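In: I would like to see how this sequence folds:
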Amino acid sequence: MSDDEQTPLRERLVDAGVELVLAEGSGAVGLREIARRAGVSHGAPRRYFATHRELLSAVARRGFEELAGWFAAVREPDPRARVAGLARVYLAYAAERRGMFELMFRHDLLNGDGAEPAGPRLREATAPLFGELARLVGECTGDAERAPVATAALWANLHGLAQLQGWGSTGLMLGEGRGEELLRAVLDAHLGGPA
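Out: Next up is the predicted model:
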């Protein structure tokens, strides 16, 4: 029995979706192409995913699980150093897994009107990442009550930075090789000056 035959079809479809989004971006992830890459009929995905959004959400969830694994490798004991490490990992993930990074945050594609079950499953994958970052931001700022808002602002800044870096815009604005300096400025703006 081949590896493909041993892997449950649902997982093979998600694997094919991951492969496709990494190779061609989120716009290329269609049911027919995923079915073709998984080696099944074009109707097979409908047995496991009622809608295209559910399949996209399963692919995005895989991305969040992968990002969580990258985050887990950051072991800095100091909260500020840990936030900086997580920020670097986030930017590296965005650069190295561009198509997946794009899909993961396209909740307009993933959740639809909120009636589909994909939304809660994605929240299950993302809430622990945000919660850990908010806890660390609270430790850095000394203001646990405002930490969720400060964390959302930091995340928005990092996400924007990831997008601008991916498009080559930061190099045009500042010149090449100033990414670390720019990241320090982002962290200082949200966490206060360096400790």
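
In: can you list the residues that contact stretch 24-40?
Out: For stretch 24-40, contacts defined as C-beta atoms under 8 Å, 6 or more residues apart in numbering pick out 4, 9, 12-13, 15-17, 19-21, 41-46, 49, 52, 55-56, 59, 98-99, 102-103, 106, 109. For glycine as for every other residue, the C-beta is placed from the backbone atoms N, C-alpha and C.

In: And the longest helix along the chain, what does it pack against?
Out: Secondary structure of the chain per DSSP state H: the longest helix is helix 118-141. Applying 3 or more C-beta pairs under 8 Å, 6 or more residues apart in numbering; DSSP states H and E, we find helix 118-141 packed against helix 52-72, helix 79-96, helix 107-110, helix 147-166, helix 179-191.

In: buried stuff in it?
Out: 118-119, 121-122, 125-126, 129, 132-134, 136-141 (16 or more other C-beta atoms under 10 Å).

In: what sits against Phe101?
Out: Taking C-beta under 8 Å, 6+ apart, one finds Gly63, Tyr93, Ala94, Ala162 in contact with Phe101.

In: want to throw these into a markdown table with pLDDT and distance to Ala81?
Out: Conversion of these to a markdown table gives the following (pLDDT from 0 to 100; distance: C-beta to C-beta, whole Å):
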| residue | pLDDT | distance to Ala81 |
| --- | --- | --- |
| Gly63 | 94 | 25 |
| Tyr93 | 97 | 19 |
| Ala94 | 96 | 21 |
| Ala162 | 95 | 20 |
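
In: worst-scoring helix or strand of this structure, pLDDT-wise?
Out: One helix or strand of the chain scores below all others by mean pLDDT, DSSP states H and E: helix 3-6, with a mean of 49.

In: With just CA atoms, put the next helix or strand after it into CSV.
Out: Note on helix 3-6: by DSSP states H and E, the next helix or strand toward the C-terminus is helix 9-24. C-alpha atoms of helix 9-24 as CSV (Å, rounded to 0.1, in the frame of the first residue of the first chain):
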residue,chain,number,x,y,z
LEU,A,9,-8.2,11.3,2.1
ARG,A,10,-9.2,14.4,4.2
GLU,A,11,-5.5,14.8,5.2
ARG,A,12,-4.3,14.3,1.7
LEU,A,13,-6.7,17.0,0.5
VAL,A,14,-5.4,19.4,3.1
ASP,A,15,-1.8,18.4,2.3
ALA,A,16,-2.5,19.2,-1.4
GLY,A,17,-4.0,22.5,-0.4
VAL,A,18,-0.9,23.4,1.6
GLU,A,19,1.3,22.4,-1.2
LEU,A,20,-0.7,24.5,-3.7
VAL,A,21,-0.9,27.6,-1.5
LEU,A,22,2.8,27.5,-0.9
ALA,A,23,3.6,27.1,-4.5
GLU,A,24,1.1,29.4,-6.1
